[in-house]
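1. show me the folded form of this:
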Amino acid sequence: MDAIRRYVMTLTAAAMLCALVKAVTAGRKGQEKILGLVCGIFLLATALGPLGLIRLPDLSDPTAQARMEASQAAGQAEAETKRQMTAIISEEAATYILDKADALGLQLEVQVELDGESPALGRQPAGSGFALCKKPPEQPD
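-> Here you go, the predicted model:
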């Protein structure tokens, strides 16, 4: 509140000074126009000068927060995609092995583990796994 009071007092003093100068130079046509211009510039500078001291919040990049959140969301989506692709590949590999084993009359338990990158990124995953073969049930004669 004190700053506003000082601002108003400064403007009032500047206006009074300009009025005094104009009153002293009244009647002199050549000087009156020049002093009127000088007083106008002086009042404008006095009125706008404190605006240079105002500190505005940093608005240099208003989209920085939105871009950071979007980047985090994209990272989470990519991780979820890799997790789902790994699950799909494991399930399809296990199903394929079980189908082939069933065609051969074998009973297997299959566990598939994938290492490496997702095929969505252009690299084939290196896989490892094992199958436990159980003796087929005996057929009654």
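
2. residues of the host helix or strand of G40 that come out buried?
-> G40 belongs to helix 29-48 when assigned by DSSP states H and E. Residues 35, 39, 42, 46 are the ones in helix 29-48 that count as buried (16 or more other C-beta atoms under 10 Å). From N, CA and C alone the C-beta is placed, and that goes for glycine too.

3. ok, now stretch 83-90?
-> Buried, per 16+ other C-beta under 10 Å, within stretch 83-90: 85-86, 89-90.

4. out of these, which sit inside helices?
-> Judged by DSSP state H, the buried residues of stretch 83-90 include 85-86, 89-90 as members of helices.

5. export the residues you listed to JSON lines and tack on distance to Q107 and pLDDT?
-> Output for these, formatted as JSON lines (distance: C-beta to C-beta, whole Å; pLDDT from 0 to 100):
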{"residue": "M85", "distance to Q107": "29", "pLDDT": "90"}
{"residue": "T86", "distance to Q107": "26", "pLDDT": "87"}
{"residue": "I89", "distance to Q107": "23", "pLDDT": "87"}
{"residue": "S90", "distance to Q107": "20", "pLDDT": "85"}
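
6. which of the buried residues of helix 29-48 sit farthest apart?
-> L35 and T46 (15.8 Å; C-beta to C-beta).

7. tell me which residue is most central in the chain.
-> By C-alpha atoms, centre = their mean, the chain has its centre lying nearest to R67, at 2.0 Å.

8. secondary structure element for that residue?
-> Counting by DSSP H and E, R67 is part of helix 64-103.

9. show me what secondary structure element comes after that helix.
-> strand 107-115.

10. same for that following strand, what does it pack against?
-> Under the contact criterion of 3 or more C-beta pairs under 8 Å, 6 or more residues apart in numbering; DSSP states H and E, strand 107-115 touches helix 64-103, strand 126-134.

11. got a list of what L11 touches?
-> L11 makes contacts with 43, 46-47, as judged by C-beta atoms under 8 Å, 6 or more residues apart in numbering.

12. quick check: V112 touching T95?
-> No. Here V112 lies out of contact with T95, judged by C-beta atoms under 8 Å, at a distance of 9.8 Å.
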